[in-house]
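> after the sequence you'll find the predicted model.
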Amino acid sequence: MKKALTFLLASLLAATSVFAQGQAETTSAASSKHIDTLKVYFVPSREPDEIITQTAPLAGLLKETLAGEGYTVDKVDIAVGTSYEAVGVALTAGTIDIGFIPASTYIQYSKMGADVILTATRAGLSNDSENPIDWNNNKPTVGDPNSQVGYYRALIIAGPSAKGKELAKKVNAGQKLTWDDLNSAKWAIMSATSSAGYVYPTMWLQKYYDGKTVLDLNTAVQCDSYGSGFARLASEQVDIICAYADARRDYDKKWDTTLGRTKSIWDETDVIGVTDKIMNDTISVSDNSPIMTPDFKAALQDAFIKIAQTDAGKKVIAIYSHQGYVKAKDSDYDNTRKANALMKSMSK
């Protein structure tokens with residue numbers, strides 16, 4: 001009996017020791033500031049060879065900058081996923097550590113292990129108000145090189161037709177447009193997957209007009225490009241165009257030349273609606289990666305922000321037209337979730 005009790009106690013002590021050792025190893029791995037291999041994946045938005053070539057310097061930049069954050073990284077593997085979904089799946093599986101993914105890809109995998117740490121920024125605009133009158137009182141819209149923002153907006157723009165002028169006059173007088181006002185106009189919209197040309201304008205209608213969508217409009221012409229949409233606006237075939245803010249900057253030279261108008265685009269168009277923010281691309285990490293800790297996430301945030309401020313870093317992130325990064329949190333992408341849900345519901 002005594003021998004049996006002694007054996008049992010010894011077994012318990014051994015098991016406790018093994019558990020404690022395993023727990024210590026796990027804690028040590030999670031808290032280590034030595035990273036053997038850091039795996040960074042890009043989505044294939046361009047030719048993979050082109051992405052690999054242009055982002056190759058990122059490996060050295062990350063190792064050097066993370067060293068300044070107290071982390072030693074032996075190797076950085078940079079690769080391009082076979083699809084956007086493949087990068088999202090790898091993040092959720094923890095087989096990669098970092099993914100450069102669009103907002104729409106992020107929200108698909110955010111509840112399965114992907115976690116946004118940064119939002120890409122681009123130069124801001126002189127106008128950013130949700131009130132269309134502010135855009136009309138502050139024309140023309142110009143770029144603001146001192147402002148970097150992680151989002152853009154869509155605009156509902158009225159053109160030089162009689163109906164367009166009627167709607168603009170009402171908005172600029174501080175009056176709210178009715179559904180009948182909008183439904184009596186001819187709209188130029190983009191394809192159903194266009195955030196600025198379709199999805200967010202639909203969300204704007206739903207928000208202010210009792211759940212109405214572009215599908216409820218009597219006349220909505222789908223254009224194959226913003227260029228053809230502005231051509232229709234200039235020729236008064238349509239009264240309204242839905243476009244990114246502020247697309248008029250890209251068509252102001254054509255407006256009174258090839259598009260045949262005699263006054264400027266800023267004189268002949270007015271904003272009558274402004275949508276919610278449309279978030280830019282993300283840098284996301286894998287919560288299921290064994291090397292990912294809150295401290296390492298913070299170090300990565302600081303490292304990428306610093307890299308984007310260097311000449312070498314700017315060349316790397318230009319592959320996705322990024323100009324910098326700001327820290328992000330999951331709730332920043334709630335509107336993207338709404339947009340995604342809307343697209344799913346409208347495709348049924």
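All right, it came through fine. All values derive from a computational prediction rather than experimental measurement.

> the closest residue to residue 297 other than its chain neighbours sits in which helix or strand?
In this structure, residue 297 finds its nearest non-sequential neighbour in residue 117, 5.4 Å apart by Cβ to Cβ, 6 or more residues apart in numbering. Placement of C-beta: from N, CA and C, glycine included. Using DSSP states H and E, residue 117 maps to strand 114-125.

> in the stretch 1-150 of the chain, which spans are strands?
Using DSSP state E, counting those that start in this stretch, the strands of the stretch 1-150 of the chain run over 34-42, 72-80, 98-101, 114-125, 143-149.

> could I get those strands in JSON lines, plus columns for mean neighbour count?
Converted to JSON lines, the strands of the stretch 1-150 of the chain look like this (neighbours: other Cβ atoms under 10 Å):
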{"stretch": "strand 34-42", "mean neighbour count": "17"}
{"stretch": "strand 72-80", "mean neighbour count": "16"}
{"stretch": "strand 98-101", "mean neighbour count": "27"}
{"stretch": "strand 114-125", "mean neighbour count": "21"}
{"stretch": "strand 143-149", "mean neighbour count": "13"}
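
> looking at those strands, spot the one closest to residue 155.
Shortest distance between residue 155 and the strands of the stretch 1-150 of the chain, using Cβ to Cβ, is found for strand 114-125: 10.6 Å.

> quickly run through the sheet partners of the closest one, with directions.
Sheet neighbours of strand 114-125, with direction, are listed as strand 143-149 (antiparallel), strand 282-286 (antiparallel), strand 324-327 (antiparallel) (DSSP bridges).

> who wins for proximity to residue 276 among those?
Closest approach to residue 276 among those (Cβ to Cβ): strand 143-149, 13.7 Å.

> outside of that closest one, which residues touch it?
With contact meaning Cβ atoms under 8 Å, 6 or more residues apart in numbering, strand 143-149 is reached by 121-126, 128, 249, 323-324, 326.

> can I assume residue 321 is in contact with residue 123?
No: using Cβ atoms under 8 Å as the test, residue 321 is too far from residue 123 to be in contact (10.7 Å).

> circling back: lowest mean pLDDT across the strands of the stretch 1-150 of the chain, which one is that?
Ranked by mean pLDDT, these bottom out at strand 143-149, with a mean of 87.

> neighbours of residue 217, how many?
Using other Cβ atoms under 10 Å as the criterion, residue 217 is surrounded by 20 other residues.

> equivalent analysis for the one 5 residues further on, please.
The burial count assigned to residue 222 is 15, neighbours taken as other Cβ under 10 Å.

> which residues touch it?
Each residue near residue 222 by Cβ under 8 Å, 6+ apart is listed here: 189-191.

> which one (most neighbours) among those residues?
Neighbour-wise, the contacts of residue 222 (other Cβ under 10 Å) top out at residue 190, 24 neighbours.

> ok, for that residue, nearest residue in space, not its chain neighbours?
Distance criterion Cβ to Cβ, 6+ apart; nearest residue to residue 190, sequence neighbours excluded, is residue 197 at 2.5 Å.

> one more: residue 219?
Closest residue in space to residue 219, ignoring its immediate chain neighbours: residue 186 at 4.4 Å, by Cβ to Cβ, 6+ apart.
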